[in-house]
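1. Output the structure for:
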Amino acid sequence: AQLVESGGGSVQAGGSLRLSCAASGYTYSSYCMGWFRQAPGKEREGVATIGTGGGKTYVADSVKGRFTISLDNAKNTVFLRMNSLKPEDTAMYFCAVARACVRTRLLGPDYWGQGTQVTVSS
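-> Below you'll find the predicted structure:
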């Protein structure tokens, strides 16, 4: 599978961004896609996941109410709409796909994109 992220950039606090991740070559008809982030010196954090079967979503408490994950099944593309961005949201954001998810834990073989940088200035 191949995943390509886009949409990162630099914004001021309070601003918005929308990340996109297009997946190709993943043969399962039902799977889970998610967004993760990693800031310098910190562990990777699960941000949000969505299942393609029933569209069930999970959003981490740290971004709940500000970030929304959505999926375009026809285009195998997952989006992350980020509103009210804070400096602490600054990180490299990665997209991933796996057979299933439990909250932000990927189950089965997983595949990752190269990441897109999000920088939020105060």
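
2. Make sure Ala96 is actually in contact with Leu3.
-> Yes - taking C-beta atoms under 8 Å as the definition, Ala96 is a contact partner of Leu3 at 7.1 Å. In this view, the C-beta of every residue, glycine as well, is placed from N, C-alpha and C.

3. Which element, helix or strand, includes the spatially most central residue of the chain?
-> Nearest to the mean C-alpha position of the chain, counting by C-alpha atoms, centre = their mean, stands Trp35 at 1.9 Å. Trp35 is part of strand 32-38 when elements are defined by DSSP states H and E.

4. Now do the helices in this protein.
-> Counting by DSSP state H, the chain has no helices to list.

5. Strands of that one, start to end?
-> With DSSP state E as the criterion, the chain has strands at 2-6, 9-12, 17-24, 32-38, 45-51, 57-59, 67-72, 77-82, 91-98, 100-102, 105-107, 111-112, 116-121.

6. Flag every buried residue along the strand holding Trp35.
-> By 16 or more other C-beta atoms under 10 Å, the buried positions in strand 32-38 come out as Cys32, Met33, Gly34, Trp35, Phe36, Arg37.

7. For the closest residue to the first one other than its chain neighbours, the count of nearby residues, please.
-> Here the nearest residue to Cys32 in space, its sequence neighbours aside, is Cys101; by C-beta to C-beta, 6 or more residues apart in numbering that works out to 3.7 Å. The criterion is other C-beta atoms under 10 Å. On that basis, Cys101 has 25 neighbouring residues.
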